[in-house]
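1. From the sequence below, what's the structure:
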Amino acid sequence: MKKYTIVILLTASVALYSFTLVYQSKEWVVPETAKKVKNPTDKSSKEDLAIGKSLYSKHCTSCHGKEGYGDGTKAKELKGKDLMGDFSSAEFQSQTDGTLFYKMTTGRDDMPAFDKKIPDAEDRWLIINYIRTLKQ
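-> Below you'll find the predicted structure:
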C-alpha cells in the first residue's frame, strides 16, 4: 500500500509540474513598468518604416512570416508555434509598444532575446513600428 501511495504522489507531482510549465509558457508576464515605456521613434517616418521592414525581414520573417501570421519557414519546428501569435490580430495589436519592446528584448522559450542580436534599441523600436503596419 505504501508503494502505491508513493507512485500516486510521484505521478501527481509530475503532472502538476508539467501543467505548471505549460501554463507558464502560455502567459507572458510583462512588468507594469515595461508596459508603460513609450516608443521614442517617429512612427510616421517612411524612411524609418523601411528600415523597420528590412530589420523585420532579416530577423523575424523566418518564424513570424512575411505578413506576421506566425507562418514563417521555421514556425513548424518551434515548440510554441501556437503561442507565436498573429501580428495582424486586434488582440496582438492592443499590446502597448512597451510590452512588445520588452518581449522582443528579453525573449522567452523559442523567442530569442534580441538585446544582443539587435543591440541598438532604436532598431528594435523601428521593428515594432513596422509590426504595427501589419494590422488587419
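
2. can you tell me which helix or strand the spatially most central residue of the chain belongs to?
-> The residue lying closest to the centre of the chain (Cα atoms, centre = their mean) is Lys103, at 5.3 Å. Using DSSP states H and E, Lys103 sits in helix 97-106.

3. ok, now Lys53?
-> For Lys53, the host element (DSSP H and E) is helix 46-59.

4. now the helix or strand that that helix is followed by: mean pLDDT?
-> Per DSSP H and E, helix 46-59 leads on to helix 61-64 as the next helix or strand towards the C-terminus. Averaged over helix 61-64, pLDDT sits at 94.

5. so how far is the helix or strand following helix 61-64 from its chain's centroid?
-> Using DSSP H and E, the helix or strand that follows helix 61-64 in sequence is helix 90-93. Computed by Cα atoms, centre = their mean, to the nearest Å, the separation of helix 90-93 from the middle of its chain amounts to 13 Å.

6. just use 4 as the starting number from now, easier for me
-> Understood, numbering begins at 4; the last thing we discussed is helix 93-96.

7. which residues are contacting helix 93-96?
-> Applying Cβ atoms under 8 Å, 6 or more residues apart in numbering, the contact partners of helix 93-96 are 88-90, 135, 138-139. The way it works is simple: take the backbone N, C-alpha and C, and place the C-beta from them, glycine included.

8. Sweet, I'm off.
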